[in-house]
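Colleague: build me a model from this:
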Amino acid sequence: MRNLIAWVILLVVFVIAGEGLNLFRIHIVDWLAYGHVTDGIISILGLILAFLGTAFLGGYVYYRDKKRGKLKREGWRGRPVSRKQKSVRRES
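Modeller: Next up, the predicted model:
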């Protein structure tokens, strides 16, 4: 049941992002053709909606991979960076 709810949430967010791109596409053409201010505002809102949906999906994948330990720290040119272990000094 949990997996079904997670898939439904992801599907809804994906559809919202797609609808945002569709709003942008339709209303930017109308704005260029007719020059109405409302078409320009709706196209910007569609672009924001698409960005927010895409950011949510990217964040979901990032945190899922982070939780499962699939991310590694990379340095210059994608080379793995070794983590230095801090040694504990004991003073006597």
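Colleague: all contacts plus neighbour counts: C-alpha atoms, from now on.
Modeller: Noted.
Colleague: where in this protein is pLDDT low?
Modeller: 75, 78-92 (pLDDT under 70).
Colleague: okay, which residue is most central for it?
Modeller: The residue lying closest to the centre of the chain (C-alpha atoms, centre = their mean) is Ala55, at 2.1 Å.
Colleague: how many other residues sit next to Ile9?
Modeller: By other C-alpha atoms under 10 Å, 12 other residues sit near Ile9.
Colleague: secondary structure element for it?
Modeller: Element membership of Ile9 [criterion: DSSP states H and E] is helix 2-34.
Colleague: counting contacts, what elements does that helix pack onto?
Modeller: helix 37-67 (3 or more C-alpha pairs under 8 Å, 6 or more residues apart in numbering; DSSP states H and E).
Colleague: just want the angle from the helix holding Ile9 to helix 37-67.
Modeller: Angle, helix 2-34 to helix 37-67, by axes from the mean of the first three to the mean of the last three C-alpha atoms, to 10 degrees: 150 degrees.
Colleague: from the chain's centre, how far out does helix 2-34 sit?
Modeller: How far helix 2-34 lies from its chain's middle: 13 Å, per C-alpha atoms, centre = their mean, to the nearest Å.
Colleague: check contacts around Ala17.
Modeller: Contacts for Ala17 (C-alpha atoms under 8 Å, 6 or more residues apart in numbering) come out as Leu49, Ala50, Phe51, Leu52, Gly53, Thr54.
Colleague: can you pull the buried residues of the helix holding Ile9?
Modeller: 10, 13-14, 16-24, 27-28, 30-31 (16 or more other C-alpha atoms under 10 Å).
Colleague: among these, which one sits closest to Lys67?
Modeller: Taking C-alpha to C-alpha as the measure, Lys67 lies nearest Leu10 of the buried residues of helix 2-34, at 17.7 Å.
Colleague: apart from its chain neighbours, what residue comes closest to the closest one?
Modeller: Spatial nearest neighbour of Leu10, excluding adjacent residues (C-alpha to C-alpha, 6 or more residues apart in numbering): Leu57 at 7.2 Å.
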